[in-house]
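**Student:** Below are the sequence and a predicted model for it; my questions follow.
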Amino acid sequence: MTIQPRELLDIVVAAAEDKKAMDLVVLDLQGISLVADYFVICHGNSDTQVQAITNEVRKKVHEAGVAVRGMEGLDASRWVLLDLGDVVIHIFHREEREYYNIEKLWSDAKVVEMA
């Protein structure tokens with residue numbers, strides 16, 4: 001069974017929200033980048049929360065049969081990147097999110113309204 005990018009996005013967003021991810025933003029990169037269809041950007045207020053968000057997303061996508069293609073940053077828990085293929089999630093610690101401001105770097109992308 002192949003999961004569609006929008007279905008995967010819904011799973012990722014729900015998992016992050018379950019762990020109280022802050023200021024969750026979804027950017028639609030279709031037609032802008034070949035990297036992924038969607039970027040999910042959020043933050044936690046502590047290393048523990050960043051790890052909890054990361055682990056919940058990994059758990060839920062695994063249950064959906066999706067493999068994590070790559071993961072960086074979990075050891076430091078300041079900026080964790082999970083590559084799920086069509087969806088890439090950036091889970092920041094609050095200070096790092098403010099510093100890197102990747103939403104601005106991808107300002108050409110449309111913000112996706114999630115229900």
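**Tutor:** Arrived safely, thanks for sending.
**Student:** Quick check: buried residues in the longest helix along the chain?
**Tutor:** Across the chain, the longest stretch assigned as helix under DSSP state H is helix 47-63. Within helix 47-63, the residues scored as buried using 16 or more other CB atoms under 10 Å are 49, 50, 51, 52, 53, 54, 56, 57, 58, 60, 61. In this view, the C-beta of every residue, glycine as well, is placed from N, C-alpha and C.
**Student:** quick one: the fifth one and residue 16 touch, right?
**Tutor:** Yes - distance between residue 53 and residue 16: 5.4 Å, which falls inside the contact criterion (CB atoms under 8 Å).
**Student:** Between these two, which contacts overlap?
**Tutor:** Among the neighbours of residue 53, those also in contact with residue 16 (CB atoms under 8 Å, 6 or more residues apart in numbering) are 42, 91.
**Student:** Which secondary structure element is home to the spatially most central residue of the chain?
**Tutor:** Nearest to the geometric centre of the chain sits residue 89, at 1.9 Å (CA atoms, centre = their mean). Assigned by DSSP states H and E, residue 89 belongs to strand 87-93.
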